[in-house]
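Colleague: Provide a 3D model corresponding to the input given below.
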Amino acid sequence: MSIAEIYLNQTNKRIDHPYDYLIPEHLAPKLLPGVRVVVGFGKGKRQLEGFVVRLKETTDFPEAIRPVEEVIDDRPVLTPAQIELCLFMKRHYCSLFYEALGAFVSPVRVEKKRRPADGKTVFEAYAFIEKAYRLKRREALRGSLQKKVVARLSQGDCSRRELLAIGGDVSATLRGLESRGVIEGYFREHCDGEVPQGASRNAAPPQKGGALYKAYRQTAGSRPVLVAEGEMQRRLDFYLEAIAEVLAAGKSAVLLFPEISLSLELEAAFFRHFGSLVAVCHGRQNKKERYGVFRRVQRGEVRVVIGSRAALFLPFDKLGLILVEAEQDASYYAEAAMPKYSTTVVAEKYAALTGARLIFGDELPSVAAMYAADQGRWSLVGAPPAPLFKAPPMVADLQREMKSGNFDFISRKLRTALEDCLAKGERTALLLNKLGYAAYVFCRSCGHVEKCPACQVALRPYNGVLRCHYCGYTRPETKLCPDCGQPKMKALGLGIDQVWAVLKKRYPEAKILKIDGALIQNSYETFQEVQRILDEERVDIVLGTRMLVKFPRLGRVSLGAALLMDSDLNHGDYRSSEETWQLYGKFFRRIQGQGIIQTYDPENAVVQALIKGDAQAFYRGELDYRRLLGYPPAKHLVLLGLFHERAEVAAAEAQRLYEALLEAAGTSGELQFFEPFLSGVIRKTGQTRWKIMVKAGDLTAFYEMIDRVIAGGAIEALASKVSIEIDPPKTL
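Modeller: This next block holds a predicted model:
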């Protein structure tokens, strides 16, 4: 008896485990681990999609076993290592199996349809089919277009889309040649690759021997490697060398970049070195393009993929190297849906399953990465440069400025330096990580702060309206206080739009470029155009949010200033100091001249570390803080989120789940629980979100507890949706 263990495509955590199904003899050749099937489930034998994780010869339920009805895929869509990785993600991130599977099969999802002829439900895996043509025989031809088509087909089969490049619309020509039997049309899978404009398909392997590559070759073979190198070009040269070594061994490589950083220039460099072995995978591709990359990797035609985190889940047969550039970037944490995973954690597990080398690279590595290197779990190559900056930033104490009568957002020190740069025609870069016109509006009479009625966060003023940056709630701005009725409402704080308006008025002759998320919006084309302006055009003042550090070049900048660092330092999350260090450290490293930090707290540890350019001092202090309060990477942090359209339901059920967690944990004391807290309203859905925080020295205790909660039906009984995050980068 041949048995398949199958996970079902369903949404109940209590039954999310593999089920045994009999393999019919006629399906046995195609029914392999990694394919999707159709099975009957439950008393009504309703048809469900399932995924085969393994085959075996025996079952504990011989009397109740049912046969597999259909095999959906003609070949496995996951490799054996990917199946194990999917099971790891399901367990580690407490997700459903099919939620984890979605990361792997997004280019080839199964579509459930009802067949018009007989009304039967059918399951079909997505495939992009296009019409192609092949040459059948030769004959004398008259028309020039006919000759061009036949000449092209004599070199190999072509799709209709490819033949359009010959000379416009060739439809009539193709119909004529096909009717005479000169050519033959047929349908095939579309698997074209994406090639940057101007990139060559001819490979020119990189030269070996760089200092980073030599240091890397001396590291222990099985441990992940952290490359701390300040210059992007040196990291890129090293990546090319490491990939060349893997290709020479007959294996494949994947290089992950934060998506907004992917550029034609970068992609073309890889095509120049590795030719047609390269493919690009990112979120800007449409469904057909993602499908083409998936199939080409599956067939072994592509052995080097560069892309966003989605590239990690392509079906490589012999994966030899995983590279993660800018490992601390926020885009590597997938928070949109379950499982909410860390690309770093998943990559580390995948490398262990495949035996691939794993390399993380960054200009200023994360605290977690430095901790892994310090503990000996990762090997460290290089180190953050000391000192970090060409010239140490100076501090402008805003408290002293106010006491001396200067209430402007620009200190006297910065104004003098800025106007000196403008007079000399030199470029200034100003960083303010706040959107809008101000941080909040309050009453100078009674102290009332205008807040969102749903999220209870301060409303921000935008061009005459007050807006919640969480849920999008808006209402008109007014001078009258809703509490005391006095016309004393005033905007406080600083936003980038307000700064831009003031600078335009104050320096009308200056060319000012404002860069923020609203301008870029993860748009590849806009990002490239802004980079071109920075490289080629006259810009006197570059004003931006954190998007500034996404650009590899800001041009020749003689003066760089952090207008108000305090809003980032006091954000209130456990990683606020680290994120501030990363942001402003990278910003000041892009400044060729003088840097200025404007702050109300000049003695803050992050400010002092930036002034001294001492990365090690920052890491030591931050790790001491994480150890003291039990935050990652010293301990594990788990966030359970509850979402519901009705605020009162979400609040009540958060308390019910909290009590269920406490009961399931018992008195072991291995887990530390915190009362539920309101986390705001989700902008797209309008649902109210509550969170419950749990700290754990070992996740095993948490898994055992959550298993008891699920088995007892406590989560299933809730009307609210529940999500679980393991070591998320943010708690708010």
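
Colleague: list the buried residues of the longest strand seen in the chain.
Modeller: Using DSSP state E to define each element, the chain has its longest strand at strand 46-56. Using 16 or more other Cβ atoms under 10 Å as the test for burial, strand 46-56 gives 47-53. Placement of C-beta: from N, CA and C, glycine included.

Colleague: ok, those vs I306, which is closest?
Modeller: Ranked by distance to I306 (Cβ to Cβ), these are led by F51 at 28.4 Å.

Colleague: relative to K730, how far out is the nearest residue to that closest one once chain neighbours are set aside?
Modeller: The shortest distance from F51 to any non-neighbouring residue, by Cβ to Cβ, 6 or more residues apart in numbering, is to Y7 (5.0 Å). Per Cβ to Cβ, to the nearest Å, Y7 is found 31 Å from K730.

Colleague: looking at those two, which has the bigger crowd around it?
Modeller: Legend: neighbour count by other Cβ atoms under 10 Å for Y7 and K730, higher for Y7 (23 against 15).

Colleague: next structured bit after the strand or helix carrying that one?
Modeller: Secondary structure assignment for Y7, by DSSP states H and E: strand 3-8. As assigned by DSSP H and E, the chain's next helix or strand after strand 3-8 is strand 19-22.

Colleague: could you give the angle of the helix or strand that comes right after that following strand to strand 46-56?
Modeller: Counting by DSSP H and E, the next helix or strand C-terminal to strand 19-22 is strand 36-41. Angle of strand 36-41 versus strand 46-56, following axes from the mean of the first three to the mean of the last three Cα atoms, to 10 degrees, is 120 degrees.

Colleague: can you give me the buried ones in strand 36-41?
Modeller: Quick answer for strand 36-41 (16+ other Cβ under 10 Å): 36-39, 41.

Colleague: from the buried residues of strand 46-56, pick the one nearest I541.
Modeller: Scanning the buried residues of strand 46-56 for proximity to I541, where the rule is Cβ to Cβ, the winner is F51, at 55.0 Å.

Colleague: if that closest one is in a bridge, with which residues?
Modeller: Each beta-bridge partner of F51 is listed here: Y7, R36, as defined by DSSP bridges.

Colleague: contacts only, for it.
Modeller: Counting by Cβ atoms under 8 Å, 6 or more residues apart in numbering, F51 touches 6-7, 9, 35-37, 97-98, 101.

Colleague: okay, the residues you listed in CSV with distance to L640 and pLDDT next?
Modeller: Formatted as CSV, the contacts of F51 follow (distance: Cβ to Cβ, whole Å; pLDDT from 0 to 100):
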residue, distance to L640, pLDDT
I6, 29, 98
Y7, 23, 98
N9, 24, 97
V35, 34, 98
R36, 31, 98
V37, 33, 98
F97, 20, 98
Y98, 21, 98
L101, 22, 98
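
Colleague: bridging residues for the closest residue to A458 other than its chain neighbours?
Modeller: Nearest non-adjacent residue to A458, counting by Cβ to Cβ, 6+ apart: Y440, 3.6 Å away. Taking DSSP bridges as the rule, Y440 bridges to L492.

Colleague: how is the residue with the largest distance to the centre of the chain assigned, secondary-structure-wise?
Modeller: Using Cα atoms, centre = their mean, the residue of the chain lying farthest from its centre is A140. It sits 56.5 Å away. With DSSP: H, G, I helix; E, B strand; the rest coil as the basis, A140 sits in coil.

Colleague: pLDDT score for it?
Modeller: In this model, A140 is scored at 84, pLDDT.

Colleague: and the buried residues of strand 36-41, which is closest to G292?
Modeller: Nearest to G292, judged by Cβ to Cβ, of the buried residues of strand 36-41 is R36 at 20.1 Å.

Colleague: contacting residues around that closest one?
Modeller: 49-52, 71-73, 77, 110, 123, 125.

Colleague: what do you get for P24?
Modeller: With contact set as Cβ under 8 Å, 6+ apart, P24 has these partners: 67-68.

Colleague: so A311 belongs to a helix, correct?
Modeller: Yes. Counting by three-state DSSP, A311 is found in a helix.

Colleague: which stretches of this protein have low pLDDT?
Modeller: Scanning the chain for pLDDT under 70 picks out the ranges 167-168, 190-209, 220, 260-264, 438-439, 454-457, 469-471, 521-524.

Colleague: scan it for its longest helix.
Modeller: Criterion DSSP state H: the longest helix present in the chain is helix 647-665.

Colleague: I'd like the distance from it to the chain centre, please.
Modeller: Averaging C-alpha positions (Cα atoms, centre = their mean, to the nearest Å) puts helix 647-665 30 Å from its chain's average.

Colleague: repeat for stretch 617-637
Modeller: 24 Å.

Colleague: and the contacts of F51 as CSV, adding distance to A654?
Modeller: Below are the contacts of F51 laid out as CSV (distance: Cβ to Cβ, whole Å):
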residue, distance to A654
I6, 35
Y7, 30
N9, 29
V35, 40
R36, 36
V37, 39
F97, 26
Y98, 26
L101, 29
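
Colleague: wait, which of these is closest to D60?
Modeller: Once Cβ to Cβ is applied, the member of these that ends up nearest D60 is I6, at 14.8 Å.

Colleague: number of nearby residues for the closest one?
Modeller: Neighbourhood size, I6 [other Cβ under 10 Å]: 23.

Colleague: contacting residues around it?
Modeller: Contacts of I6 by Cβ under 8 Å, 6+ apart are 18-21, 37, 39, 50-53, 68.

Colleague: which residues touch E450?
Modeller: 440-442, 458-459, 466, 482, 489.

Colleague: can I have the buried ones of the residues you listed as a ChimeraX selection?
Modeller: In ChimeraX, this line selects whichever of the contacts of E450 come out buried by 16+ other Cβ under 10 Å:
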select :440,441,442,458,459,466,489
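
Colleague: from the contacts of E450, which land in strands?
Modeller: Mapping those onto strands (DSSP E) picks out 440-442, 466, 489.

Colleague: quick revisit: which one of the contacts of I6 sits closest to A347?
Modeller: For the contacts of I6, the nearest to A347 is V53 (21.6 Å; Cβ to Cβ).

Colleague: please name the nearest non-neighbouring residue to S668.
Modeller: S668 sits nearest to A701 (Cβ to Cβ, 6+ apart), 6.6 Å away.
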